[in-house]
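Peer 1: Fold the following and give me the result.
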Amino acid sequence: MKIVLILLLFNYSDFQAPPSEDANAKFSQNDLYILREKSIIRGHYKDVASEQNGGLMANARLLYFHGDGESKSPLRNRIYFSYANLGHARCNLGQSMIVQFLQAYEINTIRIRFWDPDDRIHNFKLFAIEKADSDETLIHEGSIHGLITIKFSDRLVSKIRILSNGNSINEFMSVIKIQAFYAF
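Peer 2: Reported below is the predicted structural model:
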């Protein structure tokens, strides 16, 4: 009698299977795989122009570096310096600074800190290059004093080129720091 009663309860009850492990997860395994792949192509959302992440000045022999040791590279991680004449790279009017990444990364933000001990306004053009033999894409053209953050649509970039159009005091373009990354 007890067995019949138990069978009837099981038969007419609304038992559900226990929830799976990822029932409350926001992403499926496929979504997580896609996010991991995007993270790699976006340089793990870090500064891909940094020397620490494989960035280098492709035309460094044509530039003039003020400072000593690692304090003169615009791709260094430490950006602070104590003297106005130290810690920046410079190029002449019509010359460029070319930053080459370790590989092509998907980026959408470039930040440039120009040398600004006075009221000088730097004039420049910024180009993005996807592959070694591909055409350049003009990202920004303008003038700035100090720091500029340039946002653009997501694109694969292996190099950036900053063309000097001089500044308001002399013919040089002096850069303290260059960063390139993917921002949300």
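Peer 1: buried residues in stretch 139-156?
Peer 2: For stretch 139-156, a neighbour-count test (16 or more other CB atoms under 10 Å) marks 139-140, 144, 148, 150 as buried. Bear in mind the C-beta positions are built from the backbone N, C-alpha and C, glycine included.
Peer 1: what's the farthest-apart pair in those?
Peer 2: Farthest-apart pair in the buried residues of stretch 139-156 is 139 and 144; separation 13.7 Å (CB to CB).
Peer 1: Now stretch 129-141: buried residues?
Peer 2: Under the neighbour-count criterion of 16+ other CB under 10 Å, stretch 129-141 has 129, 139-140 buried.
Peer 1: what's around residue 172, how many residues?
Peer 2: Look at residue 172: counted by other CB atoms under 10 Å, it has 18 neighbours.
Peer 1: An error on my part: the question was meant for residue 173.
Peer 2: Once other CB under 10 Å is used to define contacts, residue 173 is seen to have 28 neighbours.
Peer 1: Quick check: closest non-adjacent residue to it.
Peer 2: Leaving aside its sequence neighbours, residue 173 sits nearest to residue 164 (CB to CB, 6 or more residues apart in numbering; 3.5 Å).
Peer 1: Past the strand or helix carrying the one you found, which element shows up next along the chain?
Peer 2: Here residue 164, judged by DSSP states H and E, is contained in strand 147-167. Later in the chain than strand 147-167, the nearest helix or strand by DSSP H and E is strand 173-181.
Peer 1: Provide the strand pairings for that next one, with the direction of each partner.
Peer 2: Each strand that strand 173-181 pairs with, and the sense of that pairing, follows from DSSP bridges: strand 88-91 (antiparallel), strand 96-114 (antiparallel).
Peer 1: Tell me how confident the model is about it, as a mean pLDDT.
Peer 2: Taken as a whole, strand 173-181 carries a mean pLDDT of 93.
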